[in-house]
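Student: A predicted structure for the sequence below; I have some questions about it.
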Amino acid sequence: MFLAGDFPNKEAASRAILNLKSEGFNAAELAVFSDEPIEFPRDVLDRPSGMSFAVVTGAITLCLLTIGFVYFTQHNYPIVTGGMPIFSFWATGVVFFELTMLGAIVTTFFWFLRESGLLRRRRAEPAPEVEPGMISLRVDCPANRTDAVRSSLLSAGGGNIRTLEQRR
Amino acid sequence: MATLSKPIPYQEIRTDLWRPLSGASSRYLVVLVVLSAITLWGLCAWAYQLHKGIGVAGIRRPVFWGFYLVDFVFWIGISHAGTLISAILRLTDANWRKPVTRAAEAITVFALMIGGMFPIIHLGRAWLFFWLFPYPNSRLLWPNFRSPLLWDVTAISTYLTGSTIYLFLPLIPDIAQLAQHATGWRRRMYRTLSLGWTGSDRQWHALERAMKLMAAIILAVAVSVHTVVSWDFSMSIAPMWHSSIFGPYFVVGAIFSGIAALLIVMSIIRKAMHLEQYLTPHHFNNLAKLLLLMSLLWLYFTVAENLTAWYGNEPKEMNVFGSRIRGHFAPYFWLMVFCNFVVPFVLLGIRRLRSIFTATIASVTVLIGMWLERFLIIIPTLSFGRLPAAWGGYAPTWVEISITIATFAAMGVLYLLFSKLFPIVAVWEFEPHQGPEA
């Protein structure tokens, strides 16, 4: 089940997160909701990302595919060149560069969708309503630990502690 | 110019920035109808050209590139407003950028859509555009990837894809907020476009990472696109085109005209949408200083480009140079210098004269000057080629003039519609309980 509490500032939310982590909850079971990006200190709620690596990989992949494709098309001409080369790396360098960048752009977008969970739209995790300027902390906890979670949230300065309905 | 120091409550920020989305004043509708009519007229002119053939345009031997190519280079230049300004300011964490970036990013997307049309219009037989797609034709020949035309296709496609994503990503949180409050078809549209955004920390982290990466990528793409456009000219061995500084010269000109376009758009939306609290004199002051800097850079490149041609005294180049400085095109050339250097230098360089109004006036003259610059790069070289026997003039027809004017109207229409559907200033970028200057 899911419990959520509202916090007026990120310091209070940080305290609640650290309390819960000390009680054995891990980062995957916690989620913070807000109207604006919240920057927590290191080790509070780190979210490791593979986006940079994925983007470089995507860029290199499309670059190699483009080189291969252009090389293929320029050798696939049904014309006799008398042994003269028709593949020029320099003259096609612009195309390789642009498509390398296109690979990076498209990968960034899809990796953003993947990491933000927007591609998994039908998942059952509920999202709390957030008042403007407030920070909501959602905890995925077993039913037998709700009282402990509730007191952790309250002791850190949280309010409006509520149970969230699972989405179908 | 003063800055706003009074903090604005978050609720008020949201109300202010969402207000332009609801309803439409009679003034808005009149402007929209007029601009749509001009755009429609331009489309009719293009339809006429498609029906009658490219002969209805003024392009003749030896001037095969006329207004369409001038407009193409001009609009691609304008498109540098968003990505470069927004990306540079985002990467350098310049806080004052926040109310400016979305307006700039929208200019980029719309200017690219318009600019990207011109090579197709210029083709004459526009319905054969698909011949540029990479597939073998009936004689099993593939497109020539070594051709600058193919470079343009890949560069502009990449740039349009990138700048659309760059505009869309920071729109998602605002769209999700709008989805909660809108009704009817707007609600359905916002819900679809928000992709299920809930505002969780995972989503914010992913968004911030993606925006940082996109800013870095788009910066490289933006520079490359205008360099590629300049190479359309400099790769040919034509007088005054075959220049190694054409790449940076074009990029500087593009940023210059982009900032000018942004300043004009900002001053219009500030007045029309009553966003005086958000688009403050501070923002105009910073952008005006950037415009002044680019004006000086533009002058430096223009002098470097022309001085080397004059000092080299190569006869073929001197024909073109002479026609620009003291010949047929001299009035345009000196008007360009006046618009691009004298006006910004006086109005923005003298601190007492610098204001929102003078920055807007200087921006309008810069746009006129930059359009003339593109005209002076293209037409004189083609008019005064290497063979005097092949010299000739160029006179645009009503078709080219109509299409050119219509593109400005189209830009206005696209912007008006965008500003009615999405907040023109990113709401979420303002921290709650603090003002936009925070």
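Tutor: All right, it came through fine.

Student: Which residue ranges of chain A form helices?
Tutor: A:10-22, A:51-75, A:89-116, A:146-155 (DSSP state H).

Student: winner for burial among those helices?
Tutor: helix A:89-116 (a mean of 21; mean count of other CB atoms under 10 Å in any protein chain shown). To be clear about C-beta, it is placed using only N, CA and C from the backbone, and glycine gets the same treatment.

Student: and that helix, what does it pack onto?
Tutor: The contact analysis (3 or more CB pairs under 8 Å, 6 or more residues apart in numbering or on different chains; DSSP states H and E) places helix A:89-116 against helix A:51-75, helix B:148-168, helix B:201-234.

Student: and residue B:361, how many residues sit next to it?
Tutor: 18 (other CB atoms under 10 Å in any protein chain shown).

Student: For it, which non-adjacent residue is closest in space?
Tutor: In this structure, residue B:361 finds its nearest non-sequential neighbour in residue B:347, 6.4 Å apart by CB to CB, 6 or more residues apart in numbering or on different chains.

Student: quick one: pLDDT of residue 149?
Tutor: Just so you know, I chose chain A. Turning to residue A:149, the model gives it a pLDDT of 88.

Student: that's the wrong chain, I meant chain B
Tutor: pLDDT, residue B:149: 86.

Student: Next: the one 4 residues further on.
Tutor: According to the per-residue confidence, residue B:153 scores 91 in pLDDT.

Student: residues in contact with it?
Tutor: Contact criterion CB atoms under 8 Å, 6 or more residues apart in numbering or on different chains gives residue B:132 as the residues in contact with residue B:153.

Student: Contact residues of the stretch 201-350 of chain B facing chain A?
Tutor: B:201-210, B:213-214, B:217-218, B:220-221, B:224, B:228, B:231 (CB under 8 Å from any CB of the partner chain).

Student: got the contact list for the residue nearest the centre of chain A?
Tutor: Residue closest to the average C-alpha location in chain A (CA atoms, centre = their mean): residue A:115, at 2.5 Å. Taking CB under 8 Å, 6+ apart, we find residue A:115 in contact with A:49, A:50, A:51, B:202, B:205, B:206, B:209.

Student: Adding distance to residue B:385 and pLDDT, write these out as TSV.
Tutor: Converted to TSV, the contacts of residue A:115 look like this (distance: CB to CB, whole Å; pLDDT from 0 to 100):
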residue	distance to residue B:385	pLDDT
A:49	55	89
A:50	55	91
A:51	51	94
B:202	61	90
B:205	57	92
B:206	54	93
B:209	52	93
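
Student: just curious, which of the residues you listed is nearest to residue B:376?
Tutor: Looking at the contacts of residue A:115 and their distance to residue B:376, the nearest is residue B:209, at 43.7 Å (CB to CB).

Student: Check the burial of the closest one by counting its neighbours.
Tutor: Around residue B:209 there are 20 other residues, counting by other CB under 10 Å.

Student: was I right about it contacting residue A:48?
Tutor: No - at 10.9 Å, residue B:209 does not count as touching residue A:48 under the criterion of CB atoms under 8 Å.

Student: Identify the residues contacting stretch B:235-251?
Tutor: Stretch B:235-251 has contacts (CB under 8 Å, 6+ apart) with B:73, B:77, B:80, B:148, B:223, B:226-227, B:229-231, B:233-234, B:301-302, B:304-305, B:309, B:314, B:316-317, B:319-321, B:377, B:380-382, B:384-386.

Student: Buried subset of those, written for PyMOL?
Tutor: Selection of buried members from the contacts of stretch B:235-251 for PyMOL, criterion 16 or more other CB atoms under 10 Å in any protein chain shown:
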select buried, chain B and resi 73+77+80+148+223+226+227+229+230+231+233+234+301+302+305+309+316+317+319+320+321+377+380+381+382+384+385
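
Student: Give me the sheet partners of the lowest-mean-pLDDT helix or strand in chain A and which way each runs.
Tutor: The weakest-scoring helix or strand in chain A, judged by mean pLDDT, DSSP states H and E, is strand A:159-164 (a mean of 85). Strand A:159-164 has its sheet partners listed here by DSSP bridges as strand A:2-7 (antiparallel).

Student: what's the nearest residue to the residue nearest the centre of chain B if we skip its chain neighbours?
Tutor: Centroid-nearest residue in chain B, with CA atoms, centre = their mean: residue B:78, separated by 1.8 Å. Spatially, and ignoring its direct neighbours in sequence, residue B:78 is nearest to residue B:111 (4.2 Å; CB to CB, 6+ apart).

Student: average pLDDT for the strand or helix carrying that neighbour?
Tutor: In the assignment (DSSP states H and E), residue B:111 maps to helix B:101-123. Mean per-residue pLDDT for helix B:101-123: 92.

Student: Kindly format the C-alpha coordinates of stretch A:83-96 as PDB.
Tutor: Extracted in PDB, the C-alpha atoms of stretch A:83-96 (Å, rounded to 0.1, in the frame of the first residue of the first chain):
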ATOM      1  CA  GLY A  83      38.000   1.700 -60.800                       C
ATOM      2  CA  MET A  84      37.600   5.200 -59.600                       C
ATOM      3  CA  PRO A  85      36.300   5.500 -56.000                       C
ATOM      4  CA  ILE A  86      32.900   7.100 -55.600                       C
ATOM      5  CA  PHE A  87      32.900   7.000 -51.800                       C
ATOM      6  CA  SER A  88      34.300  10.100 -50.300                       C
ATOM      7  CA  PHE A  89      34.500  10.300 -46.500                       C
ATOM      8  CA  TRP A  90      35.100  14.100 -46.400                       C
ATOM      9  CA  ALA A  91      32.200  15.000 -48.600                       C
ATOM     10  CA  THR A  92      29.800  12.800 -46.700                       C
ATOM     11  CA  GLY A  93      31.200  13.800 -43.300                       C
ATOM     12  CA  VAL A  94      28.400  16.400 -42.900                       C
ATOM     13  CA  VAL A  95      25.800  13.700 -43.300                       C
ATOM     14  CA  PHE A  96      27.600  11.500 -40.800                       C
END
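
Student: What average pLDDT does it get?
Tutor: Regarding stretch A:83-96, the rounded mean pLDDT is 82.

Student: which residues touch residue B:76?
Tutor: B:111, B:112, B:115, B:156, B:225, B:226, B:229, B:254.

Student: By neighbours, which of those residues wins?
Tutor: residue B:225 (33 neighbours).

Student: residue contacts, that one?
Tutor: Listed by CB under 8 Å, 6+ apart, the contact partners of residue B:225 are B:76, B:79, B:155, B:156, B:158, B:159.

Student: Would you reformat those as a markdown table and include distance to residue A:164?
Tutor: Formatted as a markdown table, the contacts of residue B:225 follow (distance: CB to CB, whole Å):
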| residue | distance to residue A:164 |
| --- | --- |
| B:76 | 49 |
| B:79 | 45 |
| B:155 | 48 |
| B:156 | 47 |
| B:158 | 42 |
| B:159 | 43 |
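
Student: In those residues, which has the lowest confidence score?
Tutor: Comparing the contacts of residue B:225 by pLDDT, residue B:79 comes last, at 90.

Student: which residues does that one contact?
Tutor: B:107, B:108, B:109, B:111, B:112, B:115, B:159, B:163, B:222, B:225, B:254, B:258 are the contacts of residue B:79 under CB under 8 Å, 6+ apart.
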